[in-house]
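Participant: Got a predicted structure here, sequence first:
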Amino acid sequence: MSFPIVECIPNFSEARRPEVVTAIRQAIAEVSGVRVLDQHSDLDHNRSVITFAGDPAGVEEAAFRAIATAARLINLDEHQGAHPRIGAADVVPFVPIAGVTMQECVEMAHRLGRRVGEELHIPVYLYEEAATRPERRNLEYHRRGQYEGLKAEIGVNPERAPDYGPARLGTAGATVIGARQPLIAFNIYLTTDDISIARKIARAVRYSSGGLRYVKALGLYVDGRAQVSMNLTNFRETPLARVVEFVRREAQRYGVAIHHSELVGLIPEDALIEAALWYTQLDQFEFDQILERRLRQAFATQPDATPVPQPRFLDELASDAPTPGGGSAAAYSGAMAAALVAMVARLTLGRKKFAPVEAQMQQALQRAEALRAELTEAVKRDADAFQAVLAAFKLPKDTPQQAQARQHAVQDAIRLAAQVPLEVAHACLDVMELAAQVVELGNPNALSDGAGAAFLAGAALRVAAANVRINLASLEDHARVKEMLESVRKLEERAAALEDQVRQSFAVRGGINL
């Protein structure tokens with residue numbers, strides 16, 4: 001990945017109202033160039049973590065919209081949950097992934113903090129690499145006393161003065177914004193409901209109490225069990241397996257064991273590989289012995305290789321099975337359109353006469369390849385979402401409790417079945433933007449390919465929009481239905497404008513009207 005990518009992992013103080021979490025997620029997903037990677041909601045913590053990534057400007061804008069949406073919909077005076085918190089959008093960290101420095105993420109944190117303070121009137125504290133004072137680096141420093149404690153002290157205690165925004169607290173609380181390295185949020189559940197044991201283990205394992213370096217830990221009561229909730233801030237220096245075995249040994253002191261563990265959000269691949277190596281004792285193992293890594297290395301040297309045809313998808317699409325269907329077809333078509341954009345960009349790059357647009361074509365190529373991968377993945381995601389709807393309708397409904405649970409499951413599944421094609425439509429619009437650019441600036445010998453990409457992506461967008469609408473017809477959340485329909489309408493309007501733009505460019509450069 002040579003194009004710049006920043007990851008953002010904001011934590012929101014809500015999980016028990018799925019419509020609120022969905023609204024926040026949608027605010028993120030609507031930003032061009034940003035993709036939601038994961039969502040984790042914990043009812044006991046009453047907290048949701050949404051992971052998204054993209055280009056720095058898009059990620060910064062998506063973070064602002066998410067904070068604004070959370071501030072509008074979450075009232076901290078009414079919030080209760082097991083996890084410590086001081087804000088509706090509680091913590092918003094930026095993580096450099098590719099082509100971005102930590103300093104650039106620090107600057108993002110400061111810009112966002114200033115904007116949140118000035119426009120949303122929310123107090124903002126900066127932490128980790130973006131901290132303005134050494135003692136403010138740790139998140140725990142800002143969370144002491146939680147929302148209630150901060151509410152009593154802000155504006156009174158100079159130590160609680162925010163870095164940006166007013167020194168007063170509204171119902172959205174405060175937000176902690178920062179820049180950091182990748183973090184693993186990892187919870188271990190014990191075979192006991194005695195929270196005092198979890199607290200003793202947490203005290204033993206966390207670094208601030210004399211435990212393992214790069215480990216932060218709390219003892220909580222979640223889902224009827226004692227839980228050791230941890231953040232691992234440097235998995236290379238303190239590996240995951242070492243943490244698990246430390247907790248296992250401490251638990252044995254109190255006559256309990258590990259029941260199961262839980263990952264919150266995403267985890268770096270190397271962290272899991274290192275844990276597997278430790279447990280299997282593969283001391284002579286080399287990372288390039290992993291099949292998938294070797295394949296990526298092999299094919300990375302052949303960027304212009306002709307892709308292998310995938311007739312199976314078309315066979316499956318033509319079968320009488322309910323999946324894959326229209327949504328998957330839209331994603332597949334969008335991926336083909338992105339591939340056409342990439343082709344036009346490659347036919348333009350490296351040619352002396354197109355040197356003035358080299359930078360634009362390089363960026364278009366990188367973005368088109370990212371969209372092609374995203375849309376290819378969405379082929380399966382759409383099919384999986386519809387399978388989830390079918391599975392929800394098969395749930396038992398013999399008792400009132402079962403019927404209620406089934407109805408909730410059906411609505412959640414339908415919401416996802418509408419969300420996936422909406423994300424496909426957003427991605428297709430991004431492909432159309434790129435197609436319009438290569439038609440205007442790219443190699444005129446590939447003019448029809450660029451125009452074809454635009455029209456193919458436009459058709460894919462409309463197919464995806466049809467799938468959004470058909471699913472929304474069964475969704476009972478009327479506010480969400482209205483919001484998503486408005487998004488679809490705007491996408492279709494922009495798609496029509498881009499098609500007109502492509503026709504004009506084609507006529508000017510090719511001398512032919514489409």
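Facilitator: Yes, it's here.

Participant: How many neighbouring residues does residue 31 have?
Facilitator: 22 (other Cβ atoms under 10 Å). (C-beta placed from N, C-alpha, C; glycine too.)

Participant: Can you tell me the SS state at the closest residue to it other than its chain neighbours?
Facilitator: In this structure, residue 31 finds its nearest non-sequential neighbour in residue 62, 4.1 Å apart by Cβ to Cβ, 6 or more residues apart in numbering. Classification of residue 62 using DSSP: H, G, I helix; E, B strand; the rest coil returns helix.

Participant: what's residue 62 in contact with, if anything?
Facilitator: 8, 27, 28, 31, 34, 52, 54 (Cβ atoms under 8 Å, 6 or more residues apart in numbering).

Participant: For my notes, confirm the fourth one occurs in a strand.
Facilitator: The one in question is residue 31. No. Looking at residue 31 with three-state DSSP, it is coil, so not inside a strand.

Participant: Touching, it and residue 64? I think so.
Facilitator: No. If you go by Cβ atoms under 8 Å, residue 31 and residue 64 don't touch, sitting 9.3 Å apart.

Participant: Mind checking the pLDDT average for the longest helix belonging to the chain?
Facilitator: Determined from DSSP state H, the single longest helix within the chain is helix 400-441. Helix 400-441 shows a mean pLDDT of 92.

Participant: May I ask which two of the contacts of residue 62 are separated the most?
Facilitator: 27 and 54 (14.0 Å; Cβ to Cβ).

Participant: Which one of these two is surrounded by more residues?
Facilitator: residue 54 (26 against 21).

Participant: Do you know the pLDDT at the residue nearest to that one when sequence neighbours are not counted?
Facilitator: Leaving aside its chain neighbours, residue 54 sits nearest to residue 34 (3.8 Å; criterion: Cβ to Cβ, 6+ apart). pLDDT recorded at residue 34 is 91.

Participant: Verify the contact between residue 34 and residue 56 for me.
Facilitator: No. With contact defined as Cβ under 8 Å, residue 34 does not count as touching residue 56 (10.4 Å).

Participant: Which one's more surrounded, these two?
Facilitator: Higher neighbour count among residue 34 and residue 56: residue 34, with 24 against 19, using other Cβ under 10 Å.

Participant: Might you report the residue contacts of that one?
Facilitator: Shown in contact with residue 34 (Cβ under 8 Å, 6+ apart): 28, 52, 53, 54, 55, 58, 59, 61, 62.

Participant: Residue 266 too?
Facilitator: 37, 38, 51.

Participant: before we move on, what about residue 462?
Facilitator: Residue 462 neighbours (Cβ under 8 Å, 6+ apart): 492, 495.

Participant: now do 7 Å
Facilitator: residue 492 (Cβ atoms under 7 Å, 6 or more residues apart in numbering).

Participant: residue boundaries of the strands in the stretch 101-250 of the chain?
Facilitator: Assigned by DSSP state E, counting those that start in this stretch, the stretch 101-250 of the chain shows strands spanning 124-128, 175-179, 184-190, 215-222, 225-232.

Participant: Deepest-packed of those strands, please.
Facilitator: Of those, the one with the most neighbours on average (mean count of other Cβ atoms under 10 Å) is strand 175-179, at a mean of 28.

Participant: the inter-axis angle of it versus strand 124-128?
Facilitator: If you take axes from the mean of the first three to the mean of the last three Cα atoms, to 10 degrees, strand 175-179 sits at 30 degrees to strand 124-128.

Participant: So which residues make contact with strand 175-179?
Facilitator: 67, 87, 89-94, 102, 105-106, 109, 112-113, 116, 122, 124-131, 139, 142.

Participant: Neighbouring strands of that strand in the sheet, and parallel or not?
Facilitator: strand 89-98 (parallel), strand 124-128 (parallel) (DSSP bridges).

Participant: From the chain's centroid, how far away is it?
Facilitator: 17 Å (Cα atoms, centre = their mean, to the nearest Å).

Participant: quick one on the thing from earlier: which one of the strands paired with strand 175-179 lies closest to residue 459?
Facilitator: Nearest to residue 459 among these is strand 89-98; the distance by Cβ to Cβ comes to 31.7 Å.

Participant: That closest one: which residues count as buried?
Facilitator: 89, 90, 91, 92, 93, 94, 95, 96 (16 or more other Cβ atoms under 10 Å).

Participant: Nearest to residue 241 among those residues?
Facilitator: Among the buried residues of strand 89-98, and counting by Cβ to Cβ, the member closest to residue 241 is residue 95, at 22.7 Å.

Participant: show me the contacts for the closest one.
Facilitator: Residue 95 neighbours (Cβ under 7 Å, 6+ apart): 6, 7, 9, 105, 180, 181, 182.

Participant: Next: residue 259.
Facilitator: 189, 190, 191, 225.

Participant: With distance to residue 350 as new columns, can the residues you listed be given to me in CSV?
Facilitator: Formatted as CSV, the contacts of residue 259 follow (distance: Cβ to Cβ, whole Å):
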residue, distance to residue 350
189, 56
190, 60
191, 62
225, 60
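
Participant: Same list, those, but as a markdown table with pLDDT and distance to residue 503 please.
Facilitator: Formatted as a markdown table, those follow (pLDDT from 0 to 100; distance: Cβ to Cβ, whole Å):
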| residue | pLDDT | distance to residue 503 |
| --- | --- | --- |
| 189 | 97 | 59 |
| 190 | 97 | 65 |
| 191 | 97 | 67 |
| 225 | 94 | 62 |
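
Participant: ok so, going back, quick one: which of the contacts of residue 34 is most hemmed in?
Facilitator: The contacts of residue 34, ranked by neighbours (other Cβ under 10 Å): first place residue 59, 28 neighbours.

Participant: Chain neighbours aside, what residue packs nearest to that residue?
Facilitator: That would be residue 6: by Cβ to Cβ, 6+ apart, it lies 4.6 Å from residue 59.

Participant: Near the one you found, how many other residues are there?
Facilitator: 26.

Participant: So it belongs to a strand, correct?
Facilitator: Yes. Read with three-state DSSP, residue 6 is one of the residues of a strand.

Participant: Enumerate every residue touching it.
Facilitator: Counting by Cβ under 7 Å, 6+ apart, residue 6 has contacts 53, 56, 59, 94, 95, 96, 97, 100, 105.

Participant: List just the nearest of these to residue 217.
Facilitator: residue 95 (20.9 Å).

Participant: No more questions from me, cheers.
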